[in-house]
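Undergrad: sequence first, then the predicted structure:
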Amino acid sequence: MKITYMLRKDAEKPLETLAGFLKKAAAVMKYGRTTIYEGDIYYLPYAMVEYRIEETKEVYVFLGSRISDDICVFRKDERAAVELLDEEADEAYILPPQKEEADVQEEVIRKIWLNRKMRKLYRKYHFEQAALRTVHLPEQAFYVKGKSEYLLLVDPLLEKVDYKHLSQVEKRFAENYLKSR
């Protein structure tokens, strides 16, 4: 299946992100000494909403997960270190959306009103919606063997361990495992 996915140009490798996380005191207490095994890449659906500010010509991009309540925002300019790429991906690793794009768009508007800086911009300038589309974020899964066995997911855009989408990935992981048997 052909998908459009978002990639951060300057992102550190997912293994480095996970290793850094597992060195923190709280992670050491929870997982103990660990061995990391690299897993598959899962593609998570996000609604990408772009807003252009008429007066300043700035463009803000909101990414809202179509699976969980995960929303992030960044300003689109020459310094934005993200790019959109098209790729063929195995459907077994593409997670289906749980929410409609319109529902995510409403969540984005709520996010604008909850963020003081964005709310101030919204009142002062004219926001024009430039685009609304679905993009995927490729997240690397890892099997971690410590006090027990865990499946962890790394968000390459925010360079953090992703717990918000983990249950959906675990479900898809189990489905893929059963199909392979």
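TA: Happy to help now that I have it. What you see is a predicted model, and the numbers here were worked out from it, not measured in a lab. Residues are numbered from 1 along each chain as shown.
Undergrad: and the helices in the protein, which stretches?
TA: With DSSP state H, the ranges of helices along the chain come out as 14-22, 25-31, 101-114, 116-124, 166-180.
Undergrad: what's the longest one packed up against?
TA: Same thing as helix 166-180. strand 35-53, strand 127-145, strand 149-155 (3 or more C-beta pairs under 8 Å, 6 or more residues apart in numbering; DSSP states H and E). Where you see a C-beta, it was placed from the backbone N, CA and C, and this is true even at glycine.
Undergrad: how about the third one?
TA: Taking 3+ C-beta pairs under 8 Å, 6+ apart as the contact definition, the neighbouring helices and strands of helix 101-114 are strand 35-53, strand 59-65, strand 71-76, helix 116-124, strand 127-145.
Undergrad: pretty sure residue 21 is touching residue 162, no?
TA: No - with contact defined as C-beta atoms under 8 Å, residue 21 does not count as touching residue 162 (10.6 Å).
Undergrad: between those two, which one's more packed in?
TA: More crowded of residue 21 and residue 162, by other C-beta atoms under 10 Å: residue 162, with 22 against 16.
Undergrad: what is the worst-scoring helix or strand of the chain on mean pLDDT packed up against?
TA: Within the chain, no helix or strand scores below helix 116-124, which has a mean of 85 by mean pLDDT, DSSP states H and E. Applying 3+ C-beta pairs under 8 Å, 6+ apart, we find helix 116-124 packed against helix 101-114.
Undergrad: got the angle for the helix it packs on vs strand 35-53?
TA: Comparing the axes of helix 101-114 and strand 35-53 via axes from the mean of the first three to the mean of the last three C-alpha atoms, to 10 degrees yields an angle of 80 degrees.
Undergrad: extract the C-alpha trace of helix 101-114 and format it as CSV.
TA: C-alpha atoms of helix 101-114 as CSV (Å, rounded to 0.1, in the frame of the first residue of the first chain):
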residue,chain,number,x,y,z
GLU,A,101,-9.9,13.6,10.3
ALA,A,102,-12.7,16.0,11.2
ASP,A,103,-12.6,14.8,14.8
VAL,A,104,-8.9,15.4,15.0
GLN,A,105,-9.4,18.8,13.4
GLU,A,106,-11.8,19.7,16.3
GLU,A,107,-9.1,18.6,18.8
VAL,A,108,-6.6,20.8,17.0
ILE,A,109,-8.9,23.8,17.4
ARG,A,110,-9.3,23.0,21.1
LYS,A,111,-5.5,22.8,21.4
ILE,A,112,-5.2,26.3,19.8
TRP,A,113,-7.6,27.7,22.4
LEU,A,114,-5.8,25.9,25.3
